[in-house]
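>>> Next comes the sequence, and after it the predicted model I'd like to discuss.
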Amino acid sequence: TIGGGHMSGELGWVHFGIGSASAAQVQVTWPDGSVGPWIDVAPNTFDLIHKGATTAQRWLPPNN
């Protein structure tokens, strides 16, 4: 289990402010120590990054 106040880790979304930039790149260091590639993301979005992916997957809330 990650998060929940036990040791370290994040449970849920991680917010990164990029100011007035029109784009950003993110790179994930996974818990096993492996480092993913730099991935382009757009501002004001929720993106999923899966281990081994070379692009982010945009997340949208389900229609209610």
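That came in fine, so what should we check first?
>>> How about Trp30: what's its closest non-neighbour residue?
Lys51 (5.7 Å; Cβ to Cβ, 6 or more residues apart in numbering). Yep, even glycine has a C-beta here, placed from its N, CA and C like the rest.
>>> by contact count, what packs against the lowest-mean-pLDDT helix or strand in the chain?
The helix or strand of the chain with the lowest confidence, counting by mean pLDDT, DSSP states H and E, is strand 46-48 at a mean of 91. Where contact means 3 or more Cβ pairs under 8 Å, 6 or more residues apart in numbering; DSSP states H and E, strand 46-48 is packed against strand 57-59.
>>> Parallel or antiparallel, list what pairs with the strand it packs on.
Applying DSSP bridges, strand 57-59 is found paired with strand 46-48 (antiparallel).
>>> buried sites along the partner strand?
Along strand 46-48, not one residue counts as buried under the neighbour rule (16 or more other Cβ atoms under 10 Å).
>>> one step back: which residues are in contact with the least confident helix or strand of the chain?
For strand 46-48, the external contacting residues (Cβ atoms under 8 Å, 6 or more residues apart in numbering) are Trp13, Val41, Ala56, Gln57, Arg58, Trp59, Leu60.
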